[in-house]
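A.B. asks: just coords:
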């Protein structure tokens, strides 16, 4: 009988769940809070220690250390071992002798390009959390001056405190408010090298037959009007210098009809229209305008299901969903397009979705 490997915080959640000791411990821990291992499927390839950051304080480093110690001691909770799901032995009918063994993929590690944004000013909306925060962080750590915009002063203060020494201007603003948009541009000054339009909201997954005017107007106000207002405001500044890069946040919902409700889906299709029209109009003047279409991403934007039909249809489509990406992976795509590395790219919608759009 083989001795199970010793688990650590660097092992993936999938490895923990499949471990004869670690699996029962994790399942018992989840059961105590009324949950099952399915909640960890989107992040199963991440190291278990990453839950400390992703859980926003609900899962501490101390808890990780305790799990590692319990696993090392072989501390299987009473009755939990019986609940473990064991993989069936391969049979002659089902086994494929030529099938390659499953290999645990190494984690992606962010690698900074020091100085990539040196001397540049970049506006990032939604900078207090999720993809916006990861993007603002990467620009700042790569030498850029960041105008960090969010609706929460608390989140902005927390973000700035993590980047002491970086050139960051924080601004609480509603991007649908013309006066606030003017404040954002004024804070940037007479040089705006980049705009990352990331702030956005989800709908309630309703199909058009159940859609309310309130949901439609709210989603379009932020996702379309806010995006348009920031683009409109920065274009004159960029034109004056003959250069500038705008990256809008679309979504898988901009590429397909099965990723969200009708309001969110239509709003993200509109973002693609804003992107392509602006790229066409101002490309000869030195502006580049692109969009990133994220797939499943670990952010603070939560989907709610107000419609049984919407829930049923969208969840069916989610069956082919790749593992969720961390916000930093999306920031890598966005900052690539924002930077001079994207010099020959204009008017594209980059699907940063782990291959979801190829399915």
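C.D. replies: Structure's in. What do you need? These numbers come from a predicted model, not from an experiment.
A.B. asks: Please verify my assumption that residue 167 contacts residue 141.
C.D. replies: No. Residue 167 is beyond contact range of residue 141, at 11.2 Å (criterion: CB atoms under 8 Å). Backbone N, C-alpha and C define where each C-beta goes, glycine included.
A.B. asks: ok, residue 343 - how many residues close by?
C.D. replies: For residue 343, the neighbour count with other CB atoms under 10 Å is 9.
A.B. asks: Residues in a beta bridge with the spatially closest residue to it that is not a sequence neighbour, which ones?
C.D. replies: Leaving out its chain neighbours, the residue that sits closest to residue 343 by CB to CB, 6 or more residues apart in numbering is residue 288, at 7.9 Å. Beta-bridge pairing of residue 288 under DSSP bridges involves residue 245.
A.B. asks: May I see the buried residues of the helix of greatest length in the chain?
C.D. replies: In terms of residue count, the longest helix belonging to the chain (DSSP state H) is helix 262-282. By neighbour count on 16 or more other CB atoms under 10 Å, the buried set for helix 262-282 is 262-272, 274-276, 278-279, 282.
A.B. asks: re the thing from before, got the contact list for the residue nearest to residue 343?
C.D. replies: When contacts are counted by CB atoms under 8 Å, 6 or more residues apart in numbering, residue 288 is found next to 244-246, 279, 337, 342-343, 345-346.
A.B. asks: And the buried ones among these, selectable in ChimeraX?
C.D. replies: Restricted to buried positions by 16+ other CB under 10 Å, the ChimeraX selection for the contacts of residue 288 reads:
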select :244,245,246,279,337,342,346
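A.B. asks: May I see the contacts of residue 288 organised as CSV, with pLDDT and distance to residue 16 added?
C.D. replies: Listed next are these as CSV, based on pLDDT from 0 to 100; distance: CB to CB, whole Å:
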residue, pLDDT, distance to residue 16
244, 98, 46
245, 98, 41
246, 98, 42
279, 98, 45
337, 97, 36
342, 96, 38
343, 96, 43
345, 98, 40
346, 98, 44
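A.B. asks: Can you tell me which of the contacts of residue 288 is closest to residue 33?
C.D. replies: Distance to residue 33 across the contacts of residue 288 (CB to CB) is lowest for residue 337, with 39.4 Å.
A.B. asks: Let me see the residues that make contact with the strand or helix carrying the closest one.
C.D. replies: Using DSSP states H and E, residue 337 maps to helix 327-338. With CB under 8 Å, 6+ apart as the test, helix 327-338 has contacts from 108, 110, 116-117, 122, 130-131, 133-135, 137-139, 142, 194, 196, 198, 245, 247, 249, 288, 290, 292, 294, 297-299, 342, 345, 350, 352.
A.B. asks: Of the residues you listed, select the buried ones using a ChimeraX command.
C.D. replies: To isolate the buried subset of those in ChimeraX, counting by 16+ other CB under 10 Å, use the following:
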select :116,117,122,130,131,133,134,135,137,138,139,142,194,196,198,245,247,249,288,290,292,294,297,298,299,342,350,352
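A.B. asks: Give me the subset of the contacts of helix 327-338 lying in strands.
C.D. replies: Members of the contacts of helix 327-338 lying in strands (criterion: DSSP state E): 122, 194, 196, 245, 247, 249, 288, 290, 292, 294, 297-298, 350, 352.
A.B. asks: and the least confident of those residues?
C.D. replies: Lowest pLDDT within the ones in strands among the contacts of helix 327-338 is found at residue 297 (55).
A.B. asks: Beta-bridge partners for residue 351, please?
C.D. replies: In this entry, residue 351 is beta-bridged to residue 293, by DSSP bridges.
A.B. asks: show me where the stretch 1-150 of the chain has strands.
C.D. replies: 121-125, 145-150 (DSSP state E, counting those that start in this stretch).
A.B. asks: Is it possible to get a markdown table of the ones you listed that adds distance to residue 330?
C.D. replies: Listed next are the strands of the stretch 1-150 of the chain as a markdown table, based on distance: least, CB to CB, whole Å:
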| stretch | distance to residue 330 |
| --- | --- |
| strand 121-125 | 12 |
| strand 145-150 | 17 |
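A.B. asks: list the contacts for the residue lying closest to residue 268 once chain neighbours are set aside?
C.D. replies: With sequence-adjacent residues excluded and distances taken as CB to CB, 6+ apart, residue 268 is closest to residue 254, at 3.8 Å. Shown in contact with residue 254 (CB under 8 Å, 6+ apart): 265, 268-269, 271-272, 291, 293, 349.
A.B. asks: out of those residues, which one sits closest to residue 146?
C.D. replies: Taking the contacts of residue 254 together and measuring to residue 146 by CB to CB, the closest member is residue 291, at 20.3 Å.
A.B. asks: Could you check how many residues crowd around that closest one?
C.D. replies: Other residues close to residue 291 by other CB under 10 Å number 27.
A.B. asks: Next up, the contacts around it.
C.D. replies: Contacts of residue 291 by CB under 8 Å, 6+ apart are 247-250, 254, 271-272, 275, 348-350.
A.B. asks: Pipe those into CSV and attach distance to residue 157 per row.
C.D. replies: Listed next are these as CSV, based on distance: CB to CB, whole Å:
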residue, distance to residue 157
247, 25
248, 27
249, 23
250, 29
254, 32
271, 29
272, 34
275, 32
348, 35
349, 34
350, 31
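A.B. asks: tell me the least confident of those?
C.D. replies: For the contacts of residue 291, the pLDDT minimum is residue 254, 84.
A.B. asks: tell me the mean pLDDT over the helix or strand harbouring residue 218?
C.D. replies: Residue 218 belongs to helix 213-220 when assigned by DSSP H and E. Across helix 213-220, the average pLDDT comes to 97.
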